[in-house]
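Undergrad: how would this look folded up:
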Amino acid sequence: FLFYGALLWPKPVEIGMLPAPKPDKSQPKTSKYADNRILWVSSKAAIFDFSLPTLTCRFMSIGPLFLSCSLHWFSENITWLTSLRIVLPHLLLFFVLAFVLARFWCGWVCPLGAMQDVLNWIRKVLRLNPLIVSDGWNGFFAKTRQFLLYMSLVVSALIAIPAFGFEGANDALFLIYCQLCPARLIYPLFGGVKPCYYDFTNSITIFMTVLGWLFLAFFLVSLAVPRLWCRICAIGALVSYFNRGGLARLEKNSQKCTFCGACRRCCPVDISLVYQARDQRVVTDPKCVLCLRCVQECPEKDCLEAKLAGQTIAKS
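TA: Reported below is the predicted structural model:
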């Protein structure tokens, strides 16, 4: 909710903690940043001039609290072929932040995650039963998440080639994941600004407009399926590589587990590893958003522990 509060910040301050990337004029233009184009963003500086491994967003009426999400940052700097001198400090910061907290960013910091929790709360107030997602569909969502991540990075590299595609293709495919992300249509509303709902400039922008609306509809289904968007989020996929080997981890003492299934039933993203593990100490699944709901619901004392840098921060 810090990000929402930043929308009301009266006068954003440009701190400039790290060198900001500058676009190469020979690369795809940012003409789509006009008010009537699909990738309209604030022209004002971020309060803190660096990106986070979570869904902070440029698409709002005033300067955002942080520069952008990490996938936005990776995509635009790949396209702009930004020099290593500028990229390296931001890249190192991303690795440090992701290594320390992994998908804790998803479970506790991401604004879209908070919105999904609100939708889930509304469902409970209305006394509606959640939809059950099969293991097959969850497997498909996991593959979709990886596809969206790699697709956005590959396309970002391809459009750096001036001769790629037909005229206008480079601009139309710039920041391709941002065009699909529901935050582009949701975040501006918190600043009292109407987002660009459609762009019919060419066939690509029409296609991206339709996909953007489909992804928004998918996000809203979180009213019926807890944390549905988290299951296909490419930003979560990027950070998930740090769920194993990072400083944030979930551990299980199998000798104290009675296999009651409470951890599996309460998991908002339908992870079964915590329940199924028998002799495995670390049970942090790449799909886990580290919400610690399983630790909270586990009835067995000291069976589950959440640790940060080896120190216990929560236990059952």
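Undergrad: residues near V87, how many?
TA: Using other CB atoms under 10 Å, V87 has 18 neighbouring residues. From N, CA and C alone the C-beta is placed, and that goes for glycine too.
Undergrad: For it, give me the pLDDT.
TA: pLDDT, V87: 90.
Undergrad: How is it assigned, secondary-structure-wise?
TA: Of the three states, V87 takes helix under DSSP: H, G, I helix; E, B strand; the rest coil.
Undergrad: Not counting its neighbours along the chain, what's nearest it?
TA: N77 (5.7 Å; CB to CB, 6 or more residues apart in numbering).
Undergrad: Give the burial count for L304, as a bare number.
TA: Neighbour tally, L304, other CB under 10 Å: 25.
Undergrad: and it, how far is that from K315?
TA: Distance, L304 to K315, using CB to CB, to the nearest Å: 7 Å.
Undergrad: Find residues that contact each of these two.
TA: Listed as contacting both L304 and K315 by CB atoms under 8 Å, 6 or more residues apart in numbering are V295.
Undergrad: sorry, back to before: distance of the residue nearest to V87 relative to W137?
TA: According to CB to CB, N77 stands 34 Å off from W137.
Undergrad: Then C69?
TA: 25 Å.
Undergrad: more crowded one of these two?
TA: Neighbours per residue, other CB under 10 Å: of C69 and W137, the larger number sits with C69, 28 against 13.
Undergrad: thinking the more buried one is in contact with T56, fair?
TA: Yes - with contact defined as CB atoms under 8 Å, C69 and T56 form a contacting pair (5.4 Å).
Undergrad: Low-confidence regions, this structure specifically.
TA: 1-46, 60-64, 163-168 (pLDDT under 70).
Undergrad: Show me where it has its strands.
TA: Along the chain, counting by DSSP state E, strands occupy 248-252, 304-308, 311-315.
Undergrad: for the last one, the distance to its chain's centre please.
TA: The reference is to strand 311-315. Here strand 311-315 is found 25 Å from its chain centre; the criterion is CA atoms, centre = their mean, to the nearest Å.
Undergrad: Partner strands of that strand, with direction?
TA: strand 304-308 (antiparallel) (DSSP bridges).
Undergrad: which one of the strands of the chain is the most hemmed in?
TA: strand 248-252 (a mean of 23; mean count of other CB atoms under 10 Å).
Undergrad: Next, the angle from it to strand 304-308.
TA: Angle between the axes of strand 248-252 and strand 304-308 is 160 degrees (criterion: axes from the mean of the first three to the mean of the last three CA atoms, to 10 degrees).
Undergrad: Give the other helices and strands that strand 248-252 contacts.
TA: strand 304-308 (3 or more CB pairs under 8 Å, 6 or more residues apart in numbering; DSSP states H and E).
Undergrad: shouldn't L149 be in contact with V239?
TA: No - between L149 and V239 there is no contact, the gap being 10.2 Å when judged by CB under 8 Å.
Undergrad: just to revisit the earlier point, thought the residue nearest to V87 was touching L84?
TA: No - between N77 and L84 there is no contact under CB under 8 Å: 10.3 Å.
Undergrad: Please identify which of those two sits among more neighbours.
TA: N77 (19 against 7).
Undergrad: how far away is the residue lying farthest from the centre of the chain from C303?
TA: What lies farthest from the middle of the chain is Q255; by CA atoms, centre = their mean that is 35.3 Å. Using CB to CB, Q255 is found at 9 Å from C303.
Undergrad: With adjacent residues omitted, what lies nearest to the spatially most central residue of the chain?
TA: The C-alpha lying nearest the average C-alpha coordinate of the chain belongs to I235 (CA atoms, centre = their mean; 3.7 Å). Distances taken as CB to CB, 6+ apart put L71 closest to I235, at 4.9 Å, once the chain neighbours are dropped.
Undergrad: Would you map the helices across the stretch 1-150 of the chain?
TA: Taking DSSP state H, counting those that start in this stretch, the helices of the stretch 1-150 of the chain run over residues 2-6, 70-80, 84-101, 104-108, 111-125, 135-158.
Undergrad: mind checking which of those helices is nearest Q311?
TA: Of all the helices of the stretch 1-150 of the chain, helix 84-101 sits nearest to Q311, with 12.3 Å by CB to CB.
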